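[1] Predicted coordinates and the sequence they were generated for:
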Amino acid sequence: DAGVIQSPRHEVTEMGQEVTLRCKPISGHDYLFWYRQTMMRGLELLIYFNNNVPIDDSGMPEDRFSAKMPNASFSTLKIQPSEPRDSAVYFCASSPRVGALTDTQYFGPGTRLTVL
Amino acid sequence: AQKITQTQPGMFVQEKEAVTLDCTYDTSDQSYGLFWYKQPSSGEMIFLIYQGSYDEQNATEGRYSLNFQKARKSANLVISASQLGDSAMYFCAMREGRGGFQKLVFGTGTRLLVSP
């Protein structure tokens, strides 16, 4: 089975530009998570979806960040306008369910974003 | 207080030797789960092993085992017979069991370097 797919793997953009990151979760997984990884703050949960519905976006840093999940097989994380401090690795993860302690999240390869 | 503490920023081991990566956690819950993930230089986060707070035996997955000492609140990862491909960052994470969705909280990671 294919794992979580993310695109692009690398993105370099200039400050002020719009950036869109894409994710395809593992088929059959009802939960999708977006994380950000930086040296300073480690791995942070930004938002998660259940059955395409955003459940908790309390980790989204600012209004410049938005995420959508139009269907069960696709999600986007958008940054508009981007700033240099947004430079990080953004991970998408999916899980078949949550609520049990054993529920494991499976991560995609990440998108390394550099904002100049 | 940090929920997950990994005190070893870097570890070195020779090929074929065993290595222990430390992880301590802080929780007042009786029900929780502990996870280890591997992040190679390619960037993806790979799930390795899970330990539940009520599990009586230490978890094992191939060359990976978890040395779970509940009273000390430690969940150290033991890698036996290290291989060059084990060189990577290793993250310990915890989920607490307060019901509903509880996010994974990650430690800051330990970089393992396996030398020939």
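    Perfect, thanks for sending it. Note that the coordinates shown come from a computational prediction; the quantities given were computed from them, not determined experimentally.
[2] Could I get the full set of strands for the chain?
    Using chain A here. With strands called from DSSP state E, chain A shows them at A:5-7, A:10-13, A:19-24, A:31-38, A:42-50, A:53-56, A:65-71, A:74-79, A:88-95, A:106-107, A:111-115.
[3] Oops, wrong one, chain B.
    Using DSSP E, strands in chain B cover B:4-5, B:10-14, B:19-21, B:24-25, B:32-39, B:46-52, B:60-61, B:64-69, B:74-79, B:88-96, B:105-106, B:110-115.
[4] Chain B contacts on chain A?
    Contacts of chain A with chain B, taken as C-beta under 8 Å from any C-beta of the partner chain, map to A:42-43, A:45, A:48, A:55-56, A:89, A:91, A:93, A:98-99, A:101-110, A:112. Bear in mind the C-beta positions are built from the backbone N, C-alpha and C, glycine included.
[5] Mark which of the residues you listed are buried, thanks.
    In the residues of chain A next to chain B, burial by neighbour count holds for A:42-43, A:45, A:48, A:89, A:91, A:93, A:98, A:101, A:103-110, A:112, counting by 16 or more other C-beta atoms under 10 Å in any protein chain shown.
[6] Now for the residue most central in space within chain A: which residues touch it?
    Nearest to the mean C-alpha position of chain A, counting by C-alpha atoms, centre = their mean, stands A:W34 at 2.8 Å. Taking C-beta atoms under 8 Å, 6 or more residues apart in numbering or on different chains, we find A:W34 in contact with A:C23, A:L45, A:L46, A:I47, A:Y48, A:A67, A:S75, A:L77, A:Y90, A:F91, A:C92.
[7] As JSON lines, these with pLDDT would be great.
    Output for these, formatted as JSON lines (pLDDT from 0 to 100):
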{"residue": "A:C23", "pLDDT": "98"}
{"residue": "A:L45", "pLDDT": "92"}
{"residue": "A:L46", "pLDDT": "95"}
{"residue": "A:I47", "pLDDT": "95"}
{"residue": "A:Y48", "pLDDT": "92"}
{"residue": "A:A67", "pLDDT": "97"}
{"residue": "A:S75", "pLDDT": "98"}
{"residue": "A:L77", "pLDDT": "98"}
{"residue": "A:Y90", "pLDDT": "97"}
{"residue": "A:F91", "pLDDT": "97"}
{"residue": "A:C92", "pLDDT": "96"}
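[8] partners of B:W36 in the sheet?
    Bridge pairing for B:W36 (DSSP bridges) gives the partners B:I49, B:C92.
[9] any idea how far it is from A:L77?
    Going from B:W36 to A:L77 by C-beta to C-beta, to the nearest Å gives 26 Å.
[10] And B:V114, how far from chain A?
    Distance, B:V114 to chain A, by C-beta to the nearest C-beta, to the nearest Å: 22 Å.
[11] Any residues of chain B in contact with chain A? List them.
    Chain B comes close to chain A at residues B:31-33, B:35, B:37, B:42-47, B:50, B:52-53, B:91, B:95, B:97, B:99-101, B:103-104, B:106-109, as judged by C-beta under 8 Å from any C-beta.
[12] just the buried members of those?
    Taking 16+ other C-beta under 10 Å as the criterion, what is buried in these is B:32-33, B:35, B:37, B:43-45, B:47, B:50, B:52-53, B:91, B:95, B:97, B:101, B:103-104, B:106-109.
[13] Where does pLDDT dip in chain B?
    Applying pLDDT under 70 to chain B picks out residues B:1-2, B:97-101.
[14] change it to 80
    Along chain B, segments meeting pLDDT under 80 span B:1-2, B:96-103.
[15] Go ahead and confirm A:L77 touches A:Y48.
    No: A:L77 is beyond contact range of A:Y48, at 11.7 Å (criterion: C-beta atoms under 8 Å).
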